[in-house]
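**Student:** Pasting the sequence and the predicted model now:
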Amino acid sequence: MRVAIVINTSWNIWNFRRSLVQALQAAGHEVLAIAPPDAYSERLETELGCRYVPIPMENKGTNPVKDALLTRRFYDIYRREKPDVVLHYTIKPNIYGTLAARLAGIPSVNNVSGLGTVFIVKNLVSKVALGLYRFAFKFPRKVFFQNDDDRQLFLQHGLVRPAITDLLPGSGVATDKFQPAATFTRNQPFTFLMIARVLYEKGVEEYFEAARLVREAVPGTRIQLLGGIDESGGVGVKRAVFEEWLTAGHVEYLGTSDDVAAQIRQADCVVLPSYREGTPKTLLEAAAMAKPIVTTDVPGCRETVVDGQNGLLCEVRNAPDLAAKMLQVLRLPAAELEQMGRAGRHLAETKFDERIVLNKYLQEVAAVARR
């Protein structure tokens, strides 16, 4: 079987779908990686053994003419490469890739990994997106959701038939790779880490304000941010604004890293004050490494925390409440902090192990093969 994985960046395939590629290959399938070119495209071929197929894609744009051309580009690739099944991720492949697959007569499986601004911001663009989802989602053989809130929202809006939906525990987490340290240690000073692109919807502005409040209460606390700056599409924090925030001196910016596990290992608590997610992989990785979590009580994020057991939930868009929850974790005795981490590890092993995700995809591909 020739299986195409289609996402809006090669980086996304490398970071979030590497285990899926390897599982498909181990099952005897050929994998095509279809995505816009970036610094990770070559690695998909040289290190993962995919055949990489580039496609130009403006991820944040909403120009209908350009989007129609994107559908044509998908169609041309699908007709030329002849995959037996296409696995779509992210908004534009989910919509325009699905339409192209239908026209090319190729079965598709979609993954809604988070709704982005479509349900957060109510405007003309979000209305158009809902209409496009409603039309395109008539055609996949399966649509996976990463949390039941998103699934219910799609069902309430009539965007998808219940019979073709299913739930996944996010992208899952490789619990064999992301493991707790052999010996529990508490940093001096206590260290918080947020891992996310520098986007307003990730709660980065609230994180900076909470950092100020935490450091006023407990001077010297280390508060770190790992993730790329993304100014495209008007949703990212402008570099000049971000650099101005950094001059306050409350947050250490770590840039980006290919070794996220090493960064998590050095932190005491991982924080994500996002406005809405699918199921954030970074929080699953933090849980697997026995790190307490502070995150918002919103779809996607709340699935990763049993409040008071492996972390704390805070109010969305509320920096003082975020700071209060961060301080609550900081002030825990070492034994309670360690127990909170152990509870997170148990949750990762029982609910979020990536083998659950991989098995569902392998079953879908096998079902296509049987047909």
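**Tutor:** Nice, I can see it.
**Student:** Isn't Thr296 up against Ser274?
**Tutor:** Yes - contact criterion CB atoms under 8 Å: Thr296 and Ser274 qualify, at 5.9 Å. The C-beta positions use only the backbone N, C-alpha and C, and glycine is treated the same way.
**Student:** tell me the contacts of Arg134?
**Tutor:** Applying CB atoms under 8 Å, 6 or more residues apart in numbering, we find Arg134 in contact with His157, Gly158, Leu159.
**Student:** returning to what we had before: neighbour count winner among Thr296 and Ser274?
**Tutor:** Set Thr296 next to Ser274 and count neighbours by other CB atoms under 10 Å: Thr296 wins out with 27 against 24.
**Student:** Phe192 versus that one, what's the distance?
**Tutor:** According to CB to CB, to the nearest Å, Thr296 and Phe192 sit 15 Å apart.
**Student:** thinking again about what came up before, name the residues contacting each of Thr296 and Ser274.
**Tutor:** Residues touching both Thr296 and Ser274 (CB under 8 Å, 6+ apart): Gly203.
**Student:** Touching, Leu168 and Asn111? I think so.
**Tutor:** Yes - using CB under 8 Å, Leu168 is in contact with Asn111, at 7.4 Å.
**Student:** Common neighbours of the two, please.
**Tutor:** Taking CB under 8 Å, 6+ apart as the contact rule, Leu168 and Asn111 both touch Phe144, Gln146.
**Student:** Who has more neighbours out of these two?
**Tutor:** Each of Leu168 and Asn111 has its neighbours counted (other CB under 10 Å); Asn111 has more, 24 against 21.
**Student:** Now do the same for that one: helix, strand or coil?
**Tutor:** The three-state label given to Asn111 by DSSP: H, G, I helix; E, B strand; the rest coil is strand.
**Student:** what separates it from Val173, distance-wise?
**Tutor:** Asn111 sits 16 Å away from Val173, taking CB to CB as the criterion.
**Student:** Go through the helix or strand of the chain with the lowest mean pLDDT and flag the buried ones.
**Tutor:** Here the helix or strand of the chain ranked lowest by mean pLDDT, DSSP states H and E is helix 124-136, holding a mean of 84. By neighbour count on 16 or more other CB atoms under 10 Å, the buried set for helix 124-136 is Ser126, Ala129, Leu130, Leu132, Tyr133, Ala136.
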